[in-house]
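Asker: Make a model of this:
(chains A and B)
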Amino acid sequence: MSPTRVLLAKPGLDGHDRGIKVVAMALRDAGAEVVYLGLRRTPEEIWRAAVDEDADVVGISVLSGAHLALTEDLLAERARLGAATPVVVGGTIPAEDAEALRALGVEAVHPVGSRLTDVVASVLALGERRTA
Amino acid sequence: MDATDAGIPVATVYTQDDVAAGLAERLGAPGAPPFTRGPYPSMYRGRLWTMRQFAGFGSAEDANARFRFLLERGQTALSVAFDLPTQLGYDSADPVARAEVGRVGVAIDTAEDMVDLFAGIPLGEISVNFTINATAPIILAMYLVAAERQGVAHADLAGTLQNDILKEFLARKTFIYPPAPSIRLSCDVIDYASSALPRFNPISITGYHAREAGCDAVQELALTMASAIAYSEALVARGLAFDAFAPRLSFHFATTMDLFEEVAKLRAARRLWYRIATERFDAADPASGRLRFFSGNSGTTLTAQQPLNNIVRSTIQCLGAVLGGAQSIHVMGYDEAYEIPSEEAVTLSLRTQQIVALESGVARTADPLAGSYFVEALTDELEARAGALLAELDAAGGATAAIERGIPQRWIAESAYRLERELANGERPRVGVNVHVTEDAEPLGEMFAPDPSVAERHAARTGERVAARNAATCAAATDAVAAAARDGGNVMPPLLEAARAGATLGELADVFRSAFGEFREPRPW
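Answerer: Numbering: from 1, shown residues only, chains lettered A, B, ... in the order given. This next block holds a predicted model:
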């Protein structure tokens, strides 16, 4: 089986990249192929890279509180492209917003305080489901 | 159990044999070189540290209300948090800004917003800290206009502008322009302030963000000193005398959970800087080598699980900052893993400082841990390890070159990952996270509720202000900023004119974008 391909990016203006880099390293150690696009990426840039890299999962991280609006934009672009790649969101996300994100169409939410092993398992499971 | 957070081995017991000879020379007296024991002779007995909770959200009026709330409860200074669009040079109406206006701080578009931000707060009497970097020259110009409106002379203003752009590339990531012109803008501010703002700290050289991004205490010390050297070299290269600006350089360190290591780090920082000032820059004025610092508690040590435990963590960190001799302190809100702090949480943070100051007795005497075999041995060890790492950074061409090559960024990312694995496998205990875990969610008080209408409201008001300004005066003032940016003149005098004329932050940041270009961070892997 080919390794799960994960595309990670920070949308919006937030520069807190400690968490997403930790997740990138942990996914890599778990056997995934990870591309981290970096900071301030637009939905267009993220989906272009997701297509180019043939990503199985797209993960974003937001710690500025702007997660709802930024995720809406990302999912709107996914819909516009007719893509079905699952989206995972991490960051400073209150419980009711986690529900709202799932309702918007996000496949998994990992707020601050999530266990690293759980995040990795969730991303890999989403990737496998897609490649299966 | 047998090593500090930074991996320094710790013995079961320390005796005088663990302290190298020559301790008296390494310590000096409080307020005297090499300042190990603190920058001032009487320390907190003479004056308590400044209690400075970092605050700001929404519009200028919203943030003004929070400032007054804090001042009414006994806070002694202000510290302004700006929203990301303001930090990155976008007005509230910019489509890029839409989701982020007023979210992590206050939204400022014009000098009029700055006037509103400090309405009813006497700027001649209170010191103000600004956590602003890429747009620091613009924000300072707008602040100077707000002071003018209150009839306060620039020379009477006290406060601190963070203005440390190097650590933005390193860890905090609100850079706009490439490193070289960014450093030039930082230095323009310091140069300008060295004559025009004698009571103001025009930079806060910061190890805090690198630490929060994942590095350890030794790396935090070395990176902070390397940055201080880089700015000092740039200013000396412009023709300034070291003693003309060095007394107004200020510093910013994290204070995290490993109490004695943190205290030793802060004591070692003062000694390191004194040696750098005298040995590398031939400082003649003792104040040039007298390190003063602001301490921020560590947000990354706080947990979403069992959030009330964070109050206890913050108390220990506040105590560490005091025992380390901080000049001003911010204590984190216990709910910061969820939202910006509620009124209840920020009040508790301030009360934490007040209880440490007024009830614990730790403020009675300067540097109370001096002479402790353990603390002195640890202070020496941190100084030695940070000095060795600083030599590595020197060999890599100094802070700017090392950061451009991504060297310290890799230290930080690797160290953050190591820490997370230690938390995951239980090697590093964290109560409520990997030990003494409870299944039930702990109650959290009422959380801060952001106002979704702020972006629209603020953009509309800026639109009215732009329509009301004298367009020709504003355009001429903005052109003068562009000329200074292009020709190498100090940007501060024309920025001040442009702020007075009603130019917006986004317009002025665009002037610099046109002159300098924008920086895009290379991928880390």
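Asker: Okay, now the unreliable bits of chain A?
Answerer: A:131-132 (pLDDT under 70).
Asker: Residues of it that sit close to chain B?
Answerer: Residues of chain A lying near chain B by Cβ under 8 Å from any Cβ of the partner chain: A:12-18, A:21-22, A:24-26, A:36-39, A:64-66, A:69-70, A:73, A:92, A:94, A:111-113, A:115-117. Placement of C-beta: from N, CA and C, glycine included.
Asker: What segments of chain A are strands?
Answerer: Assigned by DSSP state E, the strands in chain A fall at A:5-9, A:33-36, A:57-62, A:87-91, A:108-111.
Asker: Tell me what angle the fourth one forms with strand A:57-62.
Answerer: The one in question is strand A:87-91. 20 degrees (axes from the mean of the first three to the mean of the last three Cα atoms, to 10 degrees).
Asker: other SSEs contacting strand A:87-91?
Answerer: If you count contacts as 3 or more Cβ pairs under 8 Å, 6 or more residues apart in numbering or on different chains; DSSP states H and E, strand A:87-91 packs onto helix A:18-29, strand A:57-62, helix A:67-81, strand A:108-111, helix A:116-131.
Asker: Looking at these, which one is packed in the most?
Answerer: strand A:57-62 (a mean of 26; mean count of other Cβ atoms under 10 Å in any protein chain shown).
Asker: Walking through the stretch 101-250 of chain B, point out its strands one by one.
Answerer: All strands of the stretch 101-250 of chain B, identified by DSSP state E, counting those that start in this stretch, fall at B:128-131, B:159-161, B:200-201, B:203-206, B:249-255.
Asker: For residue B:43, find the nearest of the strands of chain A.
Answerer: With Cβ to Cβ as the criterion, residue B:43 lies closest to strand A:87-91 of these, at 40.2 Å.
Asker: Adjacent strands (with direction) for that closest one?
Answerer: strand A:57-62 (parallel), strand A:108-111 (parallel) (DSSP bridges).
Asker: the inter-axis angle of it versus helix A:67-81?
Answerer: Per the same axes, to 10 degrees, the angle that strand A:87-91 makes with helix A:67-81 is 160 degrees.
Asker: Can you tell me how far the closest residue to residue B:98 other than its chain neighbours is from residue B:135?
Answerer: Using Cβ to Cβ, 6 or more residues apart in numbering or on different chains and skipping residues adjacent in sequence, the residue nearest residue B:98 is residue B:455, 5.8 Å away. Distance, residue B:455 to residue B:135, using Cβ to Cβ, to the nearest Å: 18 Å.
Asker: so how many other residues sit close to the residue nearest to residue B:98?
Answerer: If you count neighbours by other Cβ atoms under 10 Å in any protein chain shown, residue B:455 ends up with 25.
Asker: How far does the one helix or strand it maps to sit from its chain's centre?
Answerer: Assessed by DSSP states H and E, residue B:455 sits inside helix B:454-468. A distance of 30 Å separates the centroid of the chain from that of helix B:454-468, by Cα atoms, centre = their mean, to the nearest Å.
Asker: Quick one: residues in contact with it.
Answerer: Contact with helix B:454-468 is made by B:58-59, B:62, B:91-93, B:97-98, B:101-102, B:107, B:109-110, B:112-113, B:502, B:504, as judged by Cβ atoms under 8 Å, 6 or more residues apart in numbering or on different chains.
Asker: Give me the angle between the following helix or strand past that helix and helix B:454-468.
Answerer: Downstream of helix B:454-468, the first helix or strand assigned by DSSP H and E is helix B:471-487. With the same axes, to 10 degrees defining the directions, helix B:471-487 sits at 100 degrees from helix B:454-468.
Asker: Give me the most central residue, chain A.
Answerer: Among the residues of chain A, residue A:59 comes closest to the average C-alpha position under Cα atoms, centre = their mean, at 1.1 Å.
Asker: What separation is there between it and residue A:44?
Answerer: Going from residue A:59 to residue A:44 by Cβ to Cβ gives 17 Å.
Asker: same question, residue A:98
Answerer: The gap separating residue A:98 from residue A:44 is 26 Å, by Cβ to Cβ.
Asker: Please apply the same query to residue B:468.
Answerer: Distance from residue B:468 to residue A:44, by Cβ to Cβ: 36 Å.
Asker: okay, those two: which has more neighbours?
Answerer: Counted by other Cβ under 10 Å, residue B:468 and residue A:44 do not tie: residue A:44 has more neighbours, with 13 against 9.
Asker: Which residue, other than its chain neighbours, is closest to that one?
Answerer: Residue A:44's closest residue in space is residue A:77 (Cβ to Cβ, 6+ apart), at 6.3 Å.
Asker: my guess is the one you found meets residue A:48, correct?
Answerer: No - with contact defined as Cβ atoms under 8 Å, residue A:77 does not count as touching residue A:48 (9.6 Å).
Asker: Check which helix or strand residue B:296 maps to.
Answerer: Counting by DSSP H and E, the element that carries residue B:296 is strand B:293-297.
Asker: can you count the residues close to residue B:423?
Answerer: Neighbours of residue B:423 (other Cβ under 10 Å): 16.
Asker: My guess is it contacts residue B:433. True?
Answerer: Yes - with contacts counted by Cβ under 8 Å, residue B:423 reaches residue B:433, the gap being 6.5 Å.
Asker: For the stretch 1-150 of chain B, which residues are neighbours of chain A?
Answerer: Contact residues, the stretch 1-150 of chain B versus chain A (Cβ under 8 Å from any Cβ): B:84, B:85, B:87, B:88, B:90, B:96, B:97, B:98, B:99, B:100, B:103, B:104.
Asker: show me what contacts residue B:507?
Answerer: Neighbouring residues of residue B:507 by Cβ under 8 Å, 6+ apart: B:91, B:478.
Asker: quick one: whichever strand or helix holds it to helix B:471-487, angle?
Answerer: Residue B:507 is located in helix B:505-516, with elements delineated by DSSP H and E. Here helix B:505-516 runs at an angle of 30 degrees relative to helix B:471-487 (the same axes, to 10 degrees).
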